[in-house]
Structure formats: structure tokens, C-alpha cells
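Trainee: Here is my input, please return the structure:
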Amino acid sequence: MVDVRLAGPEDVAAACGVLRPEDVEECQVLLGMDGRAALEAMFEASSESWVAELEGSLVCIFGVVEPGCLWLLFSNEVTWLPLAFFRKSRVVLDGLVHRYGRLGNYTAAENGFVVKWLSWLGFTVGPPEVFKGLAIRRFYFDKG
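Mentor: As a prediction, the model looks like this:
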């Protein structure tokens, strides 16, 4: 069963210890911070943040920084995700798009799972660009 709930400071602390190396690298390049500092900063700057859990284990932590900067970091323990996660993702995305109108950010171009997942959700994913030596892709989703 997939559960999505509001995140608290204890979730940020728990997530810091299980971030995927790919996500930590993105934080270092895009934000100039290690994974812990980046996650704490994004959590503090977000109007809302959530945790997704699969059978009680943290899958990801995510949030939105106004006016629609979507951030999401996955757990390194994620090796597979059931169809229920993808269905729930779509429901959550619909709610976020309804609230914010437009969502977007950047992800590492090599982060194949995230790029495919974002595309499946209906995000427009741009071509690779290089930023501080890392190939990244812009992604966005418009309400209209």
C-alpha cells in the first residue's frame, strides 16, 4: 500500500540517511549543498512537503517552493515501485497542478528512472543541457 502524507522535520531527518547517490549529486551540482543541507533548505522553503511510503518504508520526500518549483528526492532503498505508486503519483500531481498551475524544475539527464516517470506523468521533459559539468533536463507541467 502506498501512503502519501504531510512531511515533518522527523521525516527530513530520516530521509537524509537514505537518499539515492544520484539525488545527492543533483543537490551538490544544482544547489551547491550536500544532500542533508539541500533537503533541509528545500523543506524549510516549501509551502508544503510530503512523504510517500510503501508499506511503511520511505520511498520519497517532495515539496513545492512557490511559485511552483517541484522538488523530489527518492530513497536509495527504492529498487522497484508497484503500479499503485504510479497511480498515486498521478493523483498527487493533479492536486498540485490544480493548486499551483505550473510545476517545474531540473533533474539530471542520466537519472533515467525519474525522466521516464516524469514523462509518464505528463511532464514536458526538455533536452539535455550542461550545468556546472552535469547534464540536466528541465521539466515542467502546465495546468492548461
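
Trainee: what's next to stretch 18-28, contact-wise?
Mentor: Stretch 18-28 has contacts (CB atoms under 8 Å, 6 or more residues apart in numbering) with 33-35, 37-39, 58, 73-78, 106-108, 110-111, 134, 136. Any C-beta I mention is one placed from the backbone N, CA and C, and that applies to glycine too.

Trainee: cutoff 6 Å now
Mentor: Here stretch 18-28 makes contact (CB atoms under 6 Å, 6 or more residues apart in numbering) with 33, 35, 38, 73, 74, 75, 76, 77, 108, 111.

Trainee: repeat for stretch 42-52
Mentor: With contact meaning CB under 6 Å, 6+ apart, stretch 42-52 is reached by 4-7, 11-12, 59-66, 71.

Trainee: Check the secondary structure at the residue nearest the centre of the chain for me.
Mentor: With distances taken as CA atoms, centre = their mean, residue 72 lies nearest the centre of the chain, 1.4 Å away. Counting by DSSP: H, G, I helix; E, B strand; the rest coil, the backbone at residue 72 sits in strand.

Trainee: quick revisit: list only buried entries from the contacts of stretch 42-52.
Mentor: In terms of neighbour count (16 or more other CB atoms under 10 Å), the buried residues within those are 4, 7, 11, 12, 59, 60, 61, 62, 63, 64, 65, 71.

Trainee: Now do the same contact list for the last one.
Mentor: Residue 71 makes contact with 42, 63, according to CB under 6 Å, 6+ apart.

Trainee: For it, give its distance to residue 50.
Mentor: Distance of residue 71 to residue 50, computed by CB to CB, to the nearest Å: 11 Å.

Trainee: and what of the fourth one?
Mentor: If you measure residue 12 against residue 50 using CB to CB, the figure is 12 Å.

Trainee: Could you do the fifth one as well?
Mentor: Between residue 59 and residue 50 the distance, using CB to CB, works out to 11 Å.
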